[in-house]
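*Asks:* predicted model, plus sequence, below.
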Amino acid sequence: MLTQYWIFQIILLFSFIVDNVTSDKNIKNVLPSNYVKEMRPSLNKSEPVMVDFSIYVVDINSINVEDMDFRIDMFVRQKWTEPRLRITDSIFEEGDDYVTLPPEFFDNLWQPDPYFFNSKVVQIAALTHKYSSVTLYRNKTVSYTARMHAIVACQMEFKNYPMDIQICPLYIESFSYNIKKVRFRWTQPGVTLNPELKLLQYHIGYPLQLDETNDYMQEKAENFSRLIVYFRFERHIGHHLIQTFAPSGLVVVLSWFSFYLGLDAIPGRVTLLVTCMLTLVTMFTGLKSDIPPVAYVKALDLWMAGCMVFVFAALAEFVIVKVLDVKYQSRKNMITDASRLIPMQMPPPNCSFIDKRANSVWDGSNIRFTQRHSATSVGSNPTSYFLDLSWIDHATGKKKILWEEIDRSSRLVFPALYVLFLVVYWPVLLFKNT
């Protein structure tokens, strides 16, 4: 029994070796003896070899705004027809119209020479070996597929940041064969995205825009076939709404509370406005670290500048009303002190005493009146002061003070101007993105 077992194992091993040798021999017979891999596989030498491209995007990550590039993991497939091959049915399994060949076979074939024109780094993924395969079809079509990693450069624009849309093209071009010898074209479906692909800060616009063109290479003085796929990265605004726009808007609204605080609460009013200003400055400084420094003004810069202008205007309004209040109190005290110096016996209302010898108000113990004051409020004489600090409202008969009216008007003017700023800012920004 033991002898029969070993005889059976030897027969299986011999059959396996014979099959492999036969298969290798059949595969080698695919290439004719006069095959030259440096020559293009074209029946008509005046026509270019058509190479079909398709890409399956597995992942897009590391969108780096500082280096202005992104990393893409993808499967790249190329197909072309090689009429010089000798195809026999013995190399195909029963019911199949294609056979997968070892990667070493690809080295003996003519190969197109595509490269990523705007890539920084490109490499074929590998674990124990490179992830690539060659498939041969009965109609003499050769298909080469490889899993690739690429870091692609992208010229980004941040004028509308953080509502910017980045259009990043990926160029595929022939390196040494001009357009008369090799032409690239997209095959259906062209470029496909992994349905589970998600980015943290961006949304990928779909469907992708594909283009087939030719490009004149000045250093080679020839036209070369080029394929282009445009990736559209739309930044999510939700993060910035929560982290930037909403907090800064609330800080501006918080600064309006100072208009409801009287001038007797000077420490609280100053602290509130200065704290609001410092909060915006700190917030603005932290946001500048998220994107590289650019030479132009961004949409976020306009927003933060607008918020800081409103808070600064509230602080300036406080300084103005405080100065007006000081002048008002000074004039009020001056009138009060002057009234205390007037004796109890006053001249008749219609009499005026003029000292012809001197222009001074006082002359010894007698009172000399140089003019009659009929003002009804402090600082209401236009010949004496540039601005009325208080007046009597003829409609209500109540006395009104200038700085109080400015505070009261600011409670309406500042919110109205801020709403106008929002109405102008957001529609213009959204219109530019569309």
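*Replies:* Thanks, I have it.
*Asks:* flag the shaky bits of the stretch 51-200 of the chain, pLDDT-wise.
*Replies:* The stretch 51-200 of the chain contains no residues with pLDDT under 70.
*Asks:* in it, which spans are helices?
*Replies:* 103-106 (DSSP state H, counting those that start in this stretch).
*Asks:* read off the pLDDT value for Ile314.
*Replies:* Actually, residue 314 is Ala. It isn't Ile. The model reports Ala314 with a pLDDT of 94.
*Asks:* just checking, it is part of a helix?
*Replies:* Yes: counting by DSSP: H, G, I helix; E, B strand; the rest coil, Ala314 is found in a helix.
*Asks:* was I right about it contacting Thr275?
*Replies:* No: if you go by C-beta atoms under 8 Å, Ala314 and Thr275 don't touch, sitting 12.0 Å apart. The C-beta positions use only the backbone N, C-alpha and C, and glycine is treated the same way.
*Asks:* and those two? which has more neighbours close in?
*Replies:* Between Ala314 and Thr275, counted using other C-beta atoms under 10 Å, the more crowded position is Ala314 (23 against 14).
*Asks:* quick check: closest non-adjacent residue to that one.
*Replies:* Leaving aside its chain neighbours, Ala314 sits nearest to Ser255 (4.5 Å; criterion: C-beta to C-beta, 6 or more residues apart in numbering).
*Asks:* Asn139 now?
*Replies:* Using C-beta to C-beta, 6+ apart, the nearest residue to Asn139 is Thr81, at 7.5 Å.
*Asks:* count of neighbours near Gln111?
*Replies:* Neighbours of Gln111 (other C-beta under 10 Å): 14.
*Asks:* err, His129, not the other one
*Replies:* 8.
*Asks:* do the same with His240
*Replies:* Neighbours of His240 (other C-beta under 10 Å): 19.
*Asks:* so who does it touch?
*Replies:* By C-beta atoms under 8 Å, 6 or more residues apart in numbering, His240 lies in contact with Pro162, Leu300.
*Asks:* quick one: what helix or strand has it in it?
*Replies:* Using DSSP states H and E, His240 sits within helix 238-240.
*Asks:* coming back round to it: list the residues that contact the residue nearest to Asn139.
*Replies:* Pro41, Val49, Met50, Asn139, Lys140, Thr141, Val142.
*Asks:* average pLDDT across the helix or strand hosting Glu404?
*Replies:* Using DSSP H and E, Glu404 sits in helix 402-433. Mean per-residue pLDDT for helix 402-433: 89.
*Asks:* and the strands in the stretch 251-400 of the chain?
*Replies:* 362-363, 366-367, 390-392, 399-401 (DSSP state E, counting those that start in this stretch).
*Asks:* so what does Gln201 have for phi and psi?
*Replies:* With angles defined as degrees, to the nearest 10, Gln201 sits at phi -110, psi -10.
*Asks:* 49 is where my numbering starts, stick with that
*Replies:* Fine by me, first position is 49 from now on; the one you just mentioned is Gln249.
*Asks:* does it really touch His287, like I thought?
*Replies:* Yes: with contact defined as C-beta under 8 Å, Gln249 and His287 form a contacting pair (6.8 Å).
*Asks:* wait, Val200 touches Met122, no?
*Replies:* No: if you go by C-beta under 8 Å, Val200 and Met122 don't touch, sitting 10.4 Å apart.
*Asks:* could you measure from Asp373 over to Trp304?
*Replies:* 20 Å (C-beta to C-beta, to the nearest Å).
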